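# generate coordinates for the sequence data below:
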Amino acid sequence: MSIKSIKNGYEVDCRPQGRQGKRYRKRFSTKSEAREYERWLLATKSNKEWIERPKDKRFLSDVISVWYEHKGQQLKSGKANKQKLLNLARDIGNPRVCNFTKRMFIDYRADRLRKGISPATINKAQMLLSGVFTTLISLEEYHGENPLRTTPRIKHSSSEMGFLSKGEIRELLSILSGDELKITKICLSTGARWGEAANLKGSNVSHGKVTFIDTKNGKNRTVPISKILEREISSGKNDKLFDDCYQQIMKKLKSLDFKLPKGQATHVLRHTFASHFIINGGSILALQKILGHATINQTMVYAHLAPDFLNEAVKYNPLSTT
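From the prediction side, this is the model:
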């Protein structure tokens, strides 16, 4: 390893893990900067665990930006999550990473609870920030411990998840028309989120199937539909099928006063599809694929609606089988 003088500065040429290890070369305008970089390489990239690693003096907002550069920008919701994380860093006081502790986050969490922020929202923020450290550790962009690794999330009851009855479905469809009616029918027939259905193009509908490409997890999802619905929504064009009518459907849902749980709005259509699917005997595994859930745990919230849910407890308990 060496620091050599070059035109207009100095160059670090270093293999901190030995001759067979990765080579690092970087240019600096001053020799002091070059020496700092060489020391940082030896402390952070060396496989010699006894070498003391320097304190990470970056601000919390800085490591969030590094996370976004390496991973966040690849995610569908990455830009929005970056802003949430930067807001969190600001509210905590944007400490240097070497000074950020579990206690600081717990105090921030308590303050948010006092201000009426829901436990679910706070837990999501904790998950996002913990994910930043986990990602950077795996990429060797951060060499400390994840300060939130052992921080338990706030326990809270599951949010209420309402769905429309058959009568309410008929009532809703009776006051809709045009694109708002078509999009609503797609949501009720496939379990799609409103945005997924509203952004469909003609090329996404063919051969009795609809393919959603603007999904929450970024993966395409194909669901069969009836020929009647296909004829109703297909325009023969490959561009966007529907005009924006989100505000109209919101107003009409509100006017019907269905007593929906807070924050559901058009998402009740997705819950309605899933609930009736299970009530009518559909498979929980099939529902997972239709809804595009990453894990079966997400889909299991509908399992209690199955007509034979846990009936095996009666059939197979030891008193019934002896």
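# switch to C-alpha atoms for all contacts and neighbour counts from now on
Will do.
# surely residue 129 meets residue 84?
No - judged on Cα atoms under 8 Å, residue 129 makes no contact with residue 84 at a distance of 9.6 Å.
# what does stretch 297-314 rub up against?
Contacts with stretch 297-314, where a contact means Cα atoms under 8 Å, 6 or more residues apart in numbering, come from 274, 275, 278, 279, 280, 281, 284, 287, 288, 293, 320.
# residues near the closest residue to the second one other than its chain neighbours, how many?
Just to be clear, that refers to residue 275. Distances taken as Cα to Cα, 6 or more residues apart in numbering place residue 302 nearest to residue 275, at 6.2 Å, with adjacent residues excluded. When neighbours are counted by other Cα atoms under 10 Å, residue 302 registers 19.
# returning to that earlier point: and the contacts of stretch 297-314, which of them are buried?
Neighbour counting by 16 or more other Cα atoms under 10 Å classes 274, 275, 278, 279, 284, 287, 288 among these as buried.
# pLDDT at the fifth one, what is it?
Here the pLDDT value assigned to residue 284 is 91.
# low-confidence ranges, the protein, go.
1, 43, 46-53, 156-160, 236, 309-310, 312, 315-317, 320-322 (pLDDT under 70).
# top helix in it by residue count?
helix 119-138 (DSSP state H).
# so which bits of the helix or strand that that one is followed by are buried?
Sequence-wise, the next helix or strand downstream of helix 119-138 (DSSP states H and E) is helix 166-174. The neighbour-count check on helix 166-174 (16+ other Cα under 10 Å) flags 169, 172 as buried.
# can you pull out the helices in this protein?
Under DSSP H, the chain gives helices at 31-44, 60-70, 78-92, 102-114, 119-138, 166-174, 178-190, 194-198, 227-233, 246-256, 267-279, 284-291, 296-299, 312-315.
# and those helices: which comes nearest residue 209?
helix 227-233 (7.9 Å; Cα to Cα).
# what comes up buried for the closest one?
Here helix 227-233 shows 230, 233 as buried, counting by 16+ other Cα under 10 Å.
# tell me what that helix is packed against?
helix 178-190 (3 or more Cα pairs under 8 Å, 6 or more residues apart in numbering; DSSP states H and E).
# which outside residues touch the helix it packs on?
173, 192-194, 197-198, 223-225, 229, 232-233, 242-243, 245-246, 248-249, 269-270, 272-273, 290-291.
# PyMOL command to pick out the buried ones of those?
Under the burial definition 16+ other Cα under 10 Å, those of these that qualify are selected in PyMOL by:
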select buried, resi 192+193+194+197+198+223+224+225+233+242+249+269+270+272+273+290+291
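# residue ranges of each domain in this structure, please.
2-44, 60-138, 166-305 (automatic domain parsing).
# can you put those in CSV and add distance to residue 311?
CSV is the format used below for the domains of the chain (distance: least, Cα to Cα, whole Å):
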stretch, distance to residue 311
domain 2-44, 57
domain 60-138, 32
domain 166-305, 11
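# the nearest residue to residue 288 once chain neighbours are set aside: neighbouring residues, count only.
Nearest non-adjacent residue to residue 288, counting by Cα to Cα, 6+ apart: residue 299, 5.7 Å away. Residue 299 has 19 neighbours, counted by other Cα under 10 Å.
# residue 297 too?
Neighbours around residue 297, by other Cα under 10 Å: 11.
# how about residue 256?
As a burial measure, residue 256 scores 12 neighbours (other Cα under 10 Å).
# okay, it and residue 166: tell me how far apart.
Between residue 256 and residue 166 the distance is 14 Å, computed by Cα to Cα, to the nearest Å.
# sorry, back to before: quick one, which of residue 129 and residue 84 is more surrounded?
Taking neighbours as other Cα under 10 Å, residue 129 and residue 84 compare with residue 129 leading, 23 against 15.
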